[in-house]
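Chemist: just to be clear, the model below is a prediction. Sequence and coordinates:
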Amino acid sequence: MTFESSSRAWMNAELDMLRDTARRFFETECAPRQADWAKQQHIDREMWSRAGELGLLCAGIPEQYGGGGGSFLHEAVICEEQMRALVNSFSINVHSGIVAHYLLAYGTEAQKQSWLPKMTRGEIVAAIAMTEPGAGTDLQRIKTTAIRDGDHYVINGAKTFITNGYHADLICVAVKTDPQAKAKGVSLVMIETRDLPGFRRGKLLDKIGQHGQDTVELFFDDMRVPVGNLLGEEEGRGFAQLMQQLPRERLLLAVGSAATMQRAVDDTLAYVRERNVFGAPLMSLQNTRFKLAECQTQATIARTFVDDCIAKLARGELDVPTAAMAKWWISQTTCQVIDECLQLHGGYGYMNEYPIARMYTDARVGRIYGGANEVMKEIIARAMDQKV
């Protein structure tokens, strides 16, 4: 079973070529270095430039801004190959699939021309900073403030769990431009971090999985940023901007989870065919066969759901509740399938030298980031309650 199956209606020859390029890059240039990156807790900076050279950054951004001129389909293919190769030490999703599209949707022409071409080439690395020590999914309660002082915002506060934060040159920061308001007080401000007074990165955070992913804390102490770095035409639009982009972001998470789920099944099938128990291949035991049949069925359902959501997004029809369904169900099911697959590996499944062990810890965060799964269910329930 592979993700390039001809049964996927949205695939075409151009996307197949992109898939081949992405697969070679992640398998040959990235996967062999995962262990080293895990030890240092971040990738080597030049890998961003290398990804840019190969056209793997900002593939869904128009060519006039230096991008690949593709669509979400191109980003989905890259995401699938990155997760299939178990290369999670840098987030192209955040850089290309999230921050670049905030700029494309809400940025001024000057902002787009200034930042998007550099992001495409990998000259600058992008991150988004929403979560705070005291505010996770509930973004209306963030405490980081941006108070206008002439032609600048003075920003004070802290952010945590920031993906790509170690290398980030450009960060989209959720702030309160009106500290007394809730949703209407939230704005998004772009900050260029190089030599920026008042900007400080905290330590690399020690996580149970995704050890090579540079996840850090950020601190802003009277940090001055030009008012022209506001994203959007006016203050107070940040919460609406975040909500508008969330279906796309959550679908990317579902795409990656589905790819990981299939990789877990494929690896386990190969293992049980070779592993002998009681003088016969482990695959010959009915329990093994039934468990794998269940896992492959779930992986196939996940892939089918993802494909349907991708088609909806391409038509402009993917709504918030459906994206929430895809995010929570596929991330949850991925964890369950990986657990079953690890069990079939026996003691070897508990050894980090086997990919299934890394999948087990790496996948767990999928139920948390992008909005905790409990919040996804609340979004779905509210939509159901509103139906007449």
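Modeler: Sure thing, it's come through. Residues are numbered from 1 along each chain as shown.
Chemist: show me the domain layout of the chain.
Modeler: Under the assignment automatic domain parsing, the domains of the chain span 13-124, 127-235, 239-386.
Chemist: most centrally placed residue in the chain?
Modeler: For the chain, the residue sitting closest to the mean C-alpha position, by Cα atoms, centre = their mean, is Asn93 at 4.3 Å.
Chemist: residue contacts, it?
Modeler: If you count contacts by Cβ atoms under 8 Å, 6 or more residues apart in numbering, Asn93 has them with Glu75, Cys79, Glu249, Leu252, Leu253, Gly256. Backbone N, C-alpha and C define where each C-beta goes, glycine included.
Chemist: let's see that with 10 Å instead.
Modeler: 75, 78-79, 82-83, 99, 163-164, 249, 252-253, 255-256, 370 (Cβ atoms under 10 Å, 6 or more residues apart in numbering).
Chemist: out of those residues, which is most surrounded?
Modeler: The member of those surrounded by the most neighbours (other Cβ atoms under 10 Å) is Ile78, with 32 neighbours in all.
Chemist: can you read off the pLDDT for the nearest residue to it once chain neighbours are set aside?
Modeler: Leaving aside its sequence neighbours, Ile78 sits nearest to Ala22 (Cβ to Cβ, 6 or more residues apart in numbering; 4.9 Å). At Ala22 the predicted local distance difference test score is 98.
Chemist: just to be sure, Ala22 is in a helix?
Modeler: Yes: residue state for Ala22 (DSSP: H, G, I helix; E, B strand; the rest coil) corresponds to a helix.
Chemist: ok, it - contacts?
Modeler: Shown in contact with Ala22 (Cβ under 10 Å, 6+ apart): 51, 54-56, 59, 74, 77-82, 84-85, 92.
Chemist: repeat for Gly97
Modeler: Applying Cβ under 10 Å, 6+ apart, we find Gly97 in contact with 58-60, 72, 75-76, 78-79, 91, 245, 248-249, 251-253, 255.
Chemist: mind checking how far the residue located most distally from the centre of the chain is from Glu317?
Modeler: For the chain, the C-alpha farthest from the mean C-alpha position belongs to Gly279; by Cα atoms, centre = their mean, that distance is 43.7 Å. Counting by Cβ to Cβ, to the nearest Å, the gap between Gly279 and Glu317 amounts to 55 Å.
Chemist: cool, Val265 as well?
Modeler: To Glu317, Val265 is 30 Å away according to Cβ to Cβ.
Chemist: out of these two, which sits in the busier spot?
Modeler: When Val265 and Glu317 are compared on other Cβ under 10 Å, the one with more neighbours turns out to be Val265, at 22 against 10.
Chemist: secondary structure class for the more buried one?
Modeler: Bear in mind the rule, three-state DSSP; under it Val265 is helix.
Chemist: how far away is it from Glu378?
Modeler: Plainly put, Val265 is 30 Å away from Glu378 if you go by Cβ to Cβ.
Chemist: may I have stretch 312-319 exported as PDB, CA atoms only?
Modeler: Listed next in PDB are the C-alpha coordinates belonging to stretch 312-319 (Å, rounded to 0.1, in the frame of the first residue of the first chain):
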ATOM      1  CA  LYS A 312     -13.200  19.600  -0.800                       C
ATOM      2  CA  LEU A 313     -10.500  22.100   0.000                       C
ATOM      3  CA  ALA A 314      -9.500  22.300  -3.700                       C
ATOM      4  CA  ARG A 315     -13.100  23.200  -4.400                       C
ATOM      5  CA  GLY A 316     -13.300  25.700  -1.600                       C
ATOM      6  CA  GLU A 317     -15.800  23.500   0.300                       C
ATOM      7  CA  LEU A 318     -13.800  22.200   3.300                       C
ATOM      8  CA  ASP A 319     -15.600  23.500   6.400                       C
END
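Chemist: I'd like the mean pLDDT over it, please.
Modeler: Averaged over stretch 312-319, pLDDT sits at 92.
Chemist: over to stretch 55-69?
Modeler: Taken as a whole, stretch 55-69 has an average pLDDT of 97.
Chemist: just stretch 82-93 next, same as before
Modeler: Across stretch 82-93, the per-residue pLDDT values average to 96.
Chemist: off-centre distance for it?
Modeler: Mean C-alpha position of stretch 82-93 versus that of the full chain (Cα atoms, centre = their mean, to the nearest Å) differs by 9 Å.
Chemist: try stretch 175-185
Modeler: With Cα atoms, centre = their mean as the basis, stretch 175-185 stands 26 Å off its chain's centre.
Chemist: that stretch: which residues count as buried?
Modeler: For stretch 175-185, the buried set under the neighbour-count rule, 16 or more other Cβ atoms under 10 Å, comprises Val175, Lys176, Thr177, Asp178, Lys184, Gly185.
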